[in-house]
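1. predicted model, plus sequence, below.
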Amino acid sequence: MKADTERAATDFAGYAFTPAETAPARPGLFILTRAVAGRPLPLYVGEGEDMAAALAAFQAANPKEAGVADGLFVLDRPMARVRLHTLRDIVSRFDPPLNAEHRKAPAAPELAALVEDRGAGLGGLNEQPGAALSVTEDDLKRLVESFYGRAAADPLLGPVFARAIPDWAGHYQIVQNFWSRTLLGTARYSGMPFAAHIPLQLKPEHFTRWVALFKETAGEVLEPVAAARAIAKVEHMSTCFQAGLFPPDLGAGHAHRAHPQPAHPHAG
């Protein structure tokens, strides 16, 4: 993990954090970041009476996700109540993908392309508040098999899947595991789907068609609330994957959160 202790403090939501090589063993907050266009964006914001111990516990429980970070920033705060208030402010401002509580929106696509966005499944983006989710493993099996049956026959998506998927039965199970985790909260899927798509030579039009075909399939196979939640997840993944595959011109500068674009063929 890179950090330059000689650098000036960095502002996160109005709080001045100091870059560090390691977290100190004293009360405070820490932020794991990933640089995007030269700017550190929070992947995870944590706090504790012992920052070193709190960070070590997070890294031990989330080694792959923590490994994506290339920066560490710390802020001394001896009072627990003040730490929690500060953490809430920062999380609600940046929506880090590895935090779930106090989130207000999906994570920055550039970050969510690298790690699973834990806030994306906290109630579908297009469903009514309080609506009950009704979905079973059999529903997910039908969703996966119906979608891939259509995608395999699609003139645009079919050739991509034919090149990329040698074992359809195995792929069905992997994708059903993904949706089981997303919609049912199981722990069967632990992969990082973005990495699998880097070598596929995808283009924006593949994402557009993937989203359209998935919407059509989900609307027919799933109950309305489950369909809305699955579609929201796919649209968010499309935005995130495209942010990772087609990065903006760094010389032109860009906002913290990229504008949404269409979708991609893996966990659909």
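-> Right, received. Where do you want to start? The structure presented is a predicted model; accordingly, all values stated were derived computationally and were not measured.
2. where exactly do the helices run in this protein?
-> Assigned by DSSP state H, the chain shows helices spanning 51-61, 63-66, 80-94, 109-112, 137-153, 158-164, 168-184, 193-197, 204-221, 224-245.
3. what helices or strands is the second one leaning on?
-> It stands for helix 63-66. Helix 63-66 sits against strand 39-48, with contacts defined as 3 or more Cβ pairs under 8 Å, 6 or more residues apart in numbering; DSSP states H and E. Where you see a C-beta, it was placed from the backbone N, CA and C, and this is true even at glycine.
4. need the contact list for the residue positioned nearest the centre of the chain.
-> The structure's the chain has its C-alpha centroid closest to D117; by Cα atoms, centre = their mean the separation is 2.5 Å. The neighbours of D117, taking Cβ atoms under 8 Å, 6 or more residues apart in numbering as the test, are 97, 106-107, 111, 236, 240.
5. output the below-cut-off pLDDT ranges for the stretch 151-268 of the chain.
-> 247-268 (pLDDT under 70).
6. any idea how many residues pack against P193?
-> Residues lying near P193 (other Cβ atoms under 10 Å) number 18.
7. ok, so what distance separates it from L111?
-> As judged by Cβ to Cβ, to the nearest Å, P193 and L111 stand 15 Å apart.
8. can you check P63 too?
-> Taking Cβ to Cβ, one finds P63 at 17 Å from L111.
9. these two: which is more packed in?
-> Between P63 and L111, counted using other Cβ under 10 Å, the more crowded position is L111 (26 against 9).
10. read off the pLDDT value for that one.
-> Predicted confidence (pLDDT) at L111: the value is 89.
11. could you do V91 as well?
-> Looking at V91, its pLDDT reads 92.
12. contacting residues for V74?
-> So, once contact is read as Cβ under 8 Å, 6+ apart, V74 ends up touching 17-18, 20, 23-24, 28-31, 51.
13. if we go to 7 Å?
-> 17-18, 20, 23-24, 28, 30, 51 (Cβ atoms under 7 Å, 6 or more residues apart in numbering).
14. now these as CSV including neighbour count, distance to Q59 and pLDDT?
-> Formatted as CSV, the contacts of V74 follow (neighbours: other Cβ atoms under 10 Å; distance: Cβ to Cβ, whole Å; pLDDT from 0 to 100):
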residue, neighbour count, distance to Q59, pLDDT
F17, 25, 18, 96
T18, 17, 19, 95
A20, 18, 14, 95
A23, 24, 10, 95
P24, 15, 15, 95
G28, 22, 17, 95
F30, 23, 11, 97
M51, 26, 12, 95
